[in-house]
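A structural model of the following input is requested.
(one chain, ligands or ions: 1)
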Amino acid sequence: MVKIGIIGFGNMGRGHAHYLMQNKISNANLVAICDLIKPQEKIYKDLMFFYDYKELIDSGEVDAVIISTPHYFHTIIGRYALEKGIHTLVEKPISVHKADCEKLIKAHTDKNVIFSAMFNQRTRTPYKKIKELIPTLGNIQRLTCVSTDWYRTQAYYNSGSWRSTWEGEGGGVLLNQAQHQLDIIWWLLGMPGTVYANISLGKFHEIEVEDEVNAVFTYPNGAIGNFIASTGEFPGTNELEIQGDMGKLHFEGNKLQIWINNESSITYSQNSVNTPVKETKAKTSANYMATPKTEYSEIIFEEDENFLIQHATITQNFVNAILYGEPLIAPGEDGINAVQICNGIIMSGITGKKITFPLDSNKYKKLLMKLIKGEKCI
Ligand SMILES: NC(=O)c1ccc[n+]([C@@H]2O[C@H](COP(=O)([O-])OP(=O)(O)OC[C@H]3O[C@@H](n4cnc5c(N)ncnc54)[C@H](O)[C@@H]3O)[C@@H](O)[C@H]2O)c1
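Next up, the predicted model:
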């Protein structure tokens, strides 16, 4: 039985407590919580309570912690827990900026200690299916990802003093809401080579950080990418499209559309130049706009409406990794990639320059310090 403590008992911490206390996780018990404010609800009265995360970690009462504090504390508390040999599941983003991610990852020296990240969207059936289908698309040419169904009111931003400031949160829609999609696109296609972005700070809300983003990626294989995120659109869109020379897929709502070409669109086009007219391919492509044949299919997914199922799946996997060595769905180390894409987009948006990956973590940290102090960044 794994004894779990939750550190940070706000919206998300309570969410984790909810499924743990309903015994949705096999072989795990929630035994302790830690927050700056003691929860008053009776249902939590039998759990040990700590005001200080160090006391919880050093208590000897927990084998594992889930860290669901504001993002900056993920690094501080995560390092402390890992160094003390406590299995650690950290909420997304694993840290605010790449240098902090590096510090956190460096603390994970004992690989018998399990370190995982709450990238719950990786458990969604459609994304797992898309990951399986990527190789059938051939050479990837384009990614389009629109992540604008994160509409938030001003009341949301006002709900915590840490929210939506450079000092308290370190970023906006990219670090918080669309962090999930940044993880998914990295998980599916790997890291982009460069990014150039426009970002708007406080366009729809009275906030310091970005609430609208339009980013353009290039990938090492020559593919192009476009990533759009916003918390100011309603109803907004959540859509992912990936095009390769062997086909395309498009996912929106609960529908995944798939096109598989009978041959590569690139060789088809090239053959049209070099092949004598009498050969089959050239016969089809004598027409300037001839195309390979493509076969269409679609999958409609029926997902459970309760989005905490995704979180519970990551937590169950974390527990199984501790007890039985099950491979992690989202190793903690993976979290650095979504953070550095996010940092790169902000850096490009603020400086007006194209940014190359891997990102220079110290340069970004300096930029963030300037943003915190309200200094000129260019
Ligand atoms: N995976 C998801 O789907 C998901 C959804 C929501 C939030 N989150 C993540 O969870 C984290 C928390 O977000 P939230 O919406 O619950 O915020 P919140 O403000 O509702 O809760 C944060 C809690 O942490 C406590 N806290 C602050 N500093 C602390 C410290 N040093 N030690 C202990 N407790 C401390 C606060 O008192 C507060 O109760 C964020 O990193 C966010 O990105 C993830």
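
show the pLDDT at the residue in the chain positioned nearest to the ligand.
For the chain, the residue closest to the ligand is residue 10, as judged by C-beta to the nearest ligand atom, at 1.8 Å. C-beta: built from backbone N, CA, C; applies to glycine. At residue 10, the model reports a pLDDT of 97.

repeat for residue 306
On pLDDT, residue 306 comes in at 83.

tally of neighbours for it?
10 (other C-beta atoms under 10 Å).

distance of it relative to residue 184?
As judged by C-beta to C-beta, to the nearest Å, residue 306 and residue 184 stand 20 Å apart.

re the thing from before, so who does the residue of the chain closest to the ligand touch?
By C-beta atoms under 8 Å, 6 or more residues apart in numbering, residue 10 lies in contact with 35, 68, 160.

mind putting those into a markdown table with distance to residue 52?
What follows is these, written out as a markdown table (distance: C-beta to C-beta, whole Å):
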| residue | distance to residue 52 |
| --- | --- |
| 35 | 10 |
| 68 | 16 |
| 160 | 20 |
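
ranking the residues you listed by neighbours, who comes first?
Most neighbours among these, by other C-beta under 10 Å: residue 68, with 26 neighbours.

hmm, residue 17 and that residue touching each other?
No - Residue 68 is beyond contact range of residue 17, at 9.5 Å (criterion: C-beta atoms under 8 Å).

got any residues that touch both of these two?
Taking C-beta under 8 Å, 6+ apart as the contact rule, residue 68 and residue 17 both touch 6, 9.

where do the strands sit along the stretch 251-378 of the chain?
With strands called from DSSP state E, counting those that start in this stretch, the stretch 251-378 of the chain shows them at 255-261, 294-300, 355-356.

and residue 275, what pLDDT?
pLDDT, residue 275: 49.

make that residue 290, sorry
We have a pLDDT of 87 for residue 290.

residue ranges with poor pLDDT in the stretch 101-250 of the chain?
For the stretch 101-250 of the chain, applying pLDDT under 70 flags no range at all.

so which residues on it come close to the ligand?
Within the stretch 101-250 of the chain, the positions near the ligand by C-beta under 6 Å from any ligand atom are 118, 120, 160, 176.

out of those residues, which are buried?
The neighbour count (16 or more other C-beta atoms under 10 Å) marks 118, 120, 176 as buried among those.

I'd like the residues you listed as TSV, with distance to residue 127 and secondary structure appended.
Below are these laid out as TSV (distance: C-beta to C-beta, whole Å; DSSP: H, G, I helix; E, B strand; the rest coil):
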residue	distance to residue 127	secondary structure
118	15	coil
120	11	helix
176	19	coil
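
identify, from those residues, the entry nearest to residue 168.
Ranked by distance to residue 168 (C-beta to C-beta), those are led by residue 176 at 11.5 Å.

correct me, but that closest one touches residue 169?
Yes - if you go by C-beta under 8 Å, residue 176 and residue 169 touch, sitting 6.9 Å apart.

between those two, which contacts overlap?
With C-beta under 8 Å, 6+ apart as the test, residue 176 and residue 169 both reach residue 71.

residue 240 touches residue 250, doesn't it?
Yes - counting by C-beta under 8 Å, residue 240 does reach residue 250; the two are 7.4 Å apart.

quick one: which of those two has more around it?
The residue with more neighbours, out of residue 240 and residue 250, is residue 240; 21 against 16, by other C-beta under 10 Å.

which element, helix or strand, includes the more buried one?
Taking DSSP states H and E as the criterion, residue 240 maps to strand 238-244.

just the CA atoms of that strand, as PDB, please.
What follows is strand 238-244, C-alpha atoms only, in PDB (Å, rounded to 0.1, in the frame of the first residue of the first chain):
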ATOM      1  CA  ASN A 238      -9.600  22.500 -29.700                       C
ATOM      2  CA  GLU A 239      -8.200  21.000 -32.800                       C
ATOM      3  CA  LEU A 240      -5.200  19.100 -33.900                       C
ATOM      4  CA  GLU A 241      -4.200  18.400 -37.500                       C
ATOM      5  CA  ILE A 242      -1.100  16.500 -38.700                       C
ATOM      6  CA  GLN A 243      -0.200  16.200 -42.300                       C
ATOM      7  CA  GLY A 244       2.500  13.900 -43.700                       C
END
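
ok, it: who's next to it in the sheet?
Here strand 238-244 is paired, per DSSP bridges, with strand 140-147 (antiparallel), strand 247-252 (antiparallel).

now that strand: buried residues?
By neighbour count on 16+ other C-beta under 10 Å, the buried set for strand 238-244 is 238-244.

closest one of those to residue 332?
Residue 332 has its nearest neighbour among the buried residues of strand 238-244 in residue 240, at 24.4 Å by C-beta to C-beta.

show me what contacts that closest one?
With contact taken as C-beta under 8 Å, 6+ apart, residue 240 is in contact with 130, 143-146, 181, 184-185, 250-252.
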